[in-house]
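In: A predicted structure for the sequence below; I have some questions about it.
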Amino acid sequence: MSSQKSSHHKADSKMEQDSNRKAWILQPSGLNFVWGGDSRYWVIPKEPRMPAELKMVSWLEVTGCFDKIEPGKTYRIGFNISFKPDATGWDEAPVFMSAKIGKKGKTVWKRIKSVNQNFGKLKGGSEPINIPDESDGRFEISVSPASLNQDTMLQFGLYEVWTGRWKTGLLIHEAFVHEVQYKRI
């Protein structure tokens, strides 16, 4: 058996419920980061409420899991991000989010254009923003009411793996999962 350190960061699976926002929060330590086990690429904080810092990658893949979903409900998913002043590579990088229910579920993808559109404004210390934002539209996934005895683990992620260009300076503050409450008419 190898004792070699992994180049990926595996989540510690800690979630916290934010009753003010009515959301479940995953801090960076609760997310999986491809290349997150190597400090040349990512700095994953051990302290709570500190962002994960992207040093440089050409393959962005940050994923999370959420096991507190219920059949028949709909969930909104997002990330809270900002950029360092010296961030590069984001102005034309096609950033996507994905989600699926269970290992065999159908993956739903959404292009997150607000990262590209707001990159200039976000660079250099602005307050973190939630993505997707209003210009992207909500990113939601529904759990089938018939999935009572099936795998209902919500798996989601943030990706930019297509350009092969180096990206730097992204700060991931948290991911969140929010149950959507639609008003009945």
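Out: Looks like it arrived, so ask away.

In: and the lowest-mean-pLDDT helix or strand in the chain, what other elements does it pack with?
Out: When the helices and strands of the chain are compared on mean pLDDT, DSSP states H and E, helix 119-122 comes out lowest with a mean of 74. Where contact means 3 or more C-beta pairs under 8 Å, 6 or more residues apart in numbering; DSSP states H and E, helix 119-122 is packed against strand 74-88. Glycine gets a C-beta too; all of them are placed from N, C-alpha and C.

In: Give me the contacts around the least confident helix or strand of the chain.
Out: Counting by C-beta atoms under 8 Å, 6 or more residues apart in numbering, helix 119-122 makes contact with 81-83, 87, 90-91, 129, all of which sit outside it.

In: just curious, which of those residues is nearest to Ala146?
Out: Ile81 (34.9 Å; C-beta to C-beta).

In: got the contact list for that closest one?
Out: If you count contacts by C-beta under 8 Å, 6+ apart, Ile81 has them with 115, 122, 128-129, 131, 170-173.

In: if we go to 6 Å?
Out: Contacts here follow C-beta atoms under 6 Å, 6 or more residues apart in numbering; on that basis Ile81 touches 131, 172.

In: hey, where'd the helices end up in this protein?
Out: 114-117, 119-122 (DSSP state H).

In: okay, the ones you listed in JSON lines with distance to Gln181 next?
Out: Shown next, in JSON lines, are the helices of the chain (distance: least, C-beta to C-beta, whole Å):
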{"stretch": "helix 114-117", "distance to Gln181": "24"}
{"stretch": "helix 119-122", "distance to Gln181": "29"}
